[in-house]
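K.L.:
Quick one, structure for this:
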Amino acid sequence: MSPGLVLGPLLRYAGTSEATVWVETEGACEVEVRVGDGASHRARTFHVEGHYYALVHVTGLSPGEVYPYEVLLDGEHRWPEPGSAFPPSTIRAHDPETPFGIVFGSCRISLPNEAPYTLTKKRDKRGRGADALHALAQEMLDKPQERWPDALLMLGDQIYADEVSPGTRGFIRSRRGTSGEPGYTVADFQEYTHLYWDAWSEPVLRWLLSTVPVATIFDDHDVHDDWNTSLAWLEKMRRKPWWHERITGGFMSYWIYQHIGNLSPDELRGDELFARVRTSEDAGPILREFARKTDREPEGSRWSYHRDFGNTRLLVVDTRAGRMLEEGRRSILDPEEWAWLEEKATGSFDHLLIGTSLPVLLPPGLHHAESWNEAVCAGAWGRAAAPVGEVLRQAIDLEHWSAFRSSFDALVGLLREVGSGERGRPPASIVLLSGDVHHGYLAEAELEDAPNLASAVYQAVCSPLRNTLGTPERLAMLFGWSRAGEAIFEALARAAGVGRSGIRWRLTHGRPCFDNHVGAIEMRGREARLEIRKTVPAGTEDPREVHLSRVLDRRLA
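P.N.:
Numbering: from 1, shown residues only. Next up, the predicted model:
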């Protein structure tokens, strides 16, 4: 009998004529994706330390056509599952001549879809609210396919390595003791694989991920809270005896479960590591060496990528793994990746979307606080204040773009060049898509010293999909948006020698959204529109039933 499916299928890439489908299986086999026209596309699984995976390349598609598909392992039908209540999984080839919509979000903790976990933190400390991604999938079941999103962009914290579900806690207990570090947090590659299964195996989510092309990028919780905040943080973690296995397993699993599916078929064909892994008897040693080198020598490893949807370009930028942390050289990206970003931002686009897990434009008070803190840590207020600044930096997570001020200023400069037509015809809109900060908002930016600016510039944040903030954290974020918070921390930044940023931004609406929610952006030629919808109870007897209610709807261009 052939192996079964462990996880997937996940539809990862869908272009105008080709697509990729990812699966994890119970054993070595040939994976076949059979599309509605009868064509079959096959790949052998590759093996990594007892786990088996395949990424199947589907070709011969026509723009705009919808192809139902099924998955067979060694010739035996495995997907859709027998008796499935869900619509057929489909591949919709991109049509560059039609409107295109992307749903986006971040920060989704994996917990059972039942009380007390669906309650708010205020009602139960274990509660994280209703799952917005689950609500989206349920909503799609009641809509015609032409109204489904064309892509799903998950902007970090797809898994929480340091806040695991009861099921993963049980798996951890079955393998090792938990009295000392790392306790009930993920320790190695095997535990990461269980975490991904936990995140993506719920039936309705599994169907969603099999039907809507998924693009991702990691953030800190995919590896560890506050990952790569500073050099002091990294040196502290490297002294812990369990850290090497944690970071190795994090990179290995991210490459398998997320990264390779982010790449286009053309990029995969030229990827030397992918070729070595696919042909190895057990690619564990290959990926372990890759993970070790990536951790110790981040320069030269690129996790960022781009996708084109008609004349809209999406750049997805890694802001975690490639950081340069040495004082005096601090940067979100290394020079090679900066060059890549500048190259890919050059061209004549209708819209330029820049996906970065960390918001570039934070609540203004928090922005100035982070820039002030970086200056203090670098010695702006003397040697005695620097270690105090470092303690503060790690204690309250001062580690976004604003805490790498040279990178922030460089990105603002790039936005100015693109929007002023110095790198091609200016796009109608430049939209920064982000997550991380556990509240959703849309801010419109004004760039100084940009008399020829022809693009509307926005920061759109969608976070969390499922992991709501408690009351103290919400109040802190609201203070960051207040004029008082902005004035206080801007004064501190100036006192530490931080210069003006050359950009100002304000919310386009009232209060930010602190509920679990999803964002969506739709492009029609040079027009663009964005909405944010939050989870609300459906009003039935089943408290698990929720729907999505619009809290923001705005034309961007």
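
K.L.:
roughly how far apart are the residue lying closest to residue 138 once chain neighbours are set aside and residue 113?
P.N.:
In space, and not counting its chain neighbours, residue 138 is closest to residue 204: 6.2 Å by C-beta to C-beta, 6 or more residues apart in numbering. For glycine as for every other residue, the C-beta is placed from the backbone atoms N, C-alpha and C. Applying C-beta to C-beta, to the nearest Å, the value for residue 204 to residue 113 is 9 Å.

K.L.:
Overlap of the contact sets of those two?
P.N.:
Contact criterion C-beta atoms under 8 Å, 6 or more residues apart in numbering; residues bridging residue 204 and residue 113 by contacting each: residue 134.

K.L.:
by contact count, what packs against the helix or strand the residue nearest to residue 138 falls within?
P.N.:
Assessed by DSSP states H and E, residue 204 sits inside helix 203-211. When contacts are defined as 3 or more C-beta pairs under 8 Å, 6 or more residues apart in numbering; DSSP states H and E, helix 203-211 packs onto strand 5-14, helix 132-141.

K.L.:
So which of these is nearest residue 425?
P.N.:
Within these, the stretch nearest residue 425 is strand 5-14; the backing value is 26.8 Å (C-beta to C-beta).

K.L.:
Mind listing residues that contact the closest one?
P.N.:
19-26, 33, 51, 55, 71, 73, 78-79, 89, 91-94, 151, 196-197, 200-201, 206, 209-215, 261-265, 307.

K.L.:
what comes up buried for the helix holding residue 204?
P.N.:
Residues 204, 205, 206, 207, 208, 209, 210, 211 are the ones in helix 203-211 that count as buried (16 or more other C-beta atoms under 10 Å).

K.L.:
any weak-confidence spans in this structure?
P.N.:
Across the chain, residues meeting the criterion (pLDDT under 70) sit at 538-544.

K.L.:
mind listing the helices in the stretch 451-557 of the chain by residue range?
P.N.:
Under the criterion DSSP state H, counting those that start in this stretch, helices of the stretch 451-557 of the chain are mapped to 471-481, 483-495.

K.L.:
Pipe those helices into a markdown table and attach distance to residue 331 and mean neighbour count per row.
P.N.:
Below are these laid out as a markdown table (distance: least, C-beta to C-beta, whole Å; neighbours: other C-beta atoms under 10 Å):
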| stretch | distance to residue 331 | mean neighbour count |
| --- | --- | --- |
| helix 471-481 | 24 | 15 |
| helix 483-495 | 19 | 16 |
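
K.L.:
Please produce TSV containing those helices, extended by distance to residue 246.
P.N.:
Below are those laid out as TSV (distance: least, C-beta to C-beta, whole Å):
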stretch	distance to residue 246
helix 471-481	26
helix 483-495	34
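
K.L.:
Which one, of the ones you listed, ends up nearest to residue 250?
P.N.:
helix 471-481 (25.2 Å).

K.L.:
who's in contact with the residue nearest to the spatial centre of the chain?
P.N.:
Compute the mean C-alpha point of the chain, and by C-alpha atoms, centre = their mean the closest residue is residue 155, 1.9 Å away. Neighbouring residues of residue 155 by C-beta under 8 Å, 6+ apart: 104-106, 216-217, 219, 355-357, 433-436, 462-463.

K.L.:
Give me the phi and psi for residue 308.
P.N.:
phi -110, psi 130 (degrees, to the nearest 10).

K.L.:
so it bridges to which residues?
P.N.:
With DSSP bridges as the criterion, residue 308 is bridged to residue 313.

K.L.:
Please tell me I have it right and it contacts residue 314.
P.N.:
Yes: contact criterion C-beta atoms under 8 Å: residue 308 and residue 314 qualify, at 7.5 Å.

K.L.:
neighbour count winner among these two?
P.N.:
Using other C-beta atoms under 10 Å as the criterion, residue 308 and residue 314 rank with residue 314 on top: 23 against 16.

K.L.:
Output the helices and strands packed on helix 203-211 in TSV, with mean neighbour count and distance to residue 495 appended to each entry.
P.N.:
Listed next are the helices and strands packed on helix 203-211 as TSV, based on neighbours: other C-beta atoms under 10 Å; distance: least, C-beta to C-beta, whole Å:
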stretch	mean neighbour count	distance to residue 495
strand 5-14	23	48
helix 132-141	21	41
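
K.L.:
Distance check, residue 500 against residue 157.
P.N.:
Distance of residue 500 to residue 157, given as C-beta to C-beta: 32 Å.

K.L.:
So if I had to pick from these two, which one is more boxed in?
P.N.:
A direct count of neighbours by other C-beta under 10 Å for residue 500 and residue 157 places residue 157 higher, at 27 against 11.

K.L.:
residues contacting that one?
P.N.:
Residue 157 touches 106-109, 218-222, 357, 435-436, 467, counting by C-beta under 8 Å, 6+ apart.

K.L.:
Also residue 459?
P.N.:
Counting by C-beta under 8 Å, 6+ apart, residue 459 has contacts 359, 360, 361, 431, 432, 434, 441, 442, 443, 445, 505.

K.L.:
now swap in residue 16 and tell me
P.N.:
61, 63, 93, 94, 95, 96.

K.L.:
Same check on residue 392?
P.N.:
Applying C-beta under 8 Å, 6+ apart to residue 392 gives the contacts 373, 398.

K.L.:
what's the distance between the helix or strand that contains it and the middle of its chain?
P.N.:
Take DSSP H and E as the rule and residue 392 turns out to sit in helix 385-395. Distance of helix 385-395 from the chain centroid (C-alpha atoms, centre = their mean, to the nearest Å) equals 28 Å.

K.L.:
Okay, buried residues for that helix please.
P.N.:
386, 389, 390, 393, 394.

K.L.:
List the contacts of the fourth one.
P.N.:
Right, the one you point to is residue 393. Here residue 393 is in contact with 229, 230, 373, 374, 377, 399, 403 (criterion: C-beta under 8 Å, 6+ apart).

K.L.:
Can you flag the buried ones in the residues you listed?
P.N.:
By neighbour count, with 16+ other C-beta under 10 Å, the contacts of residue 393 hold 229, 230, 373, 374, 377, 399, 403 as buried.
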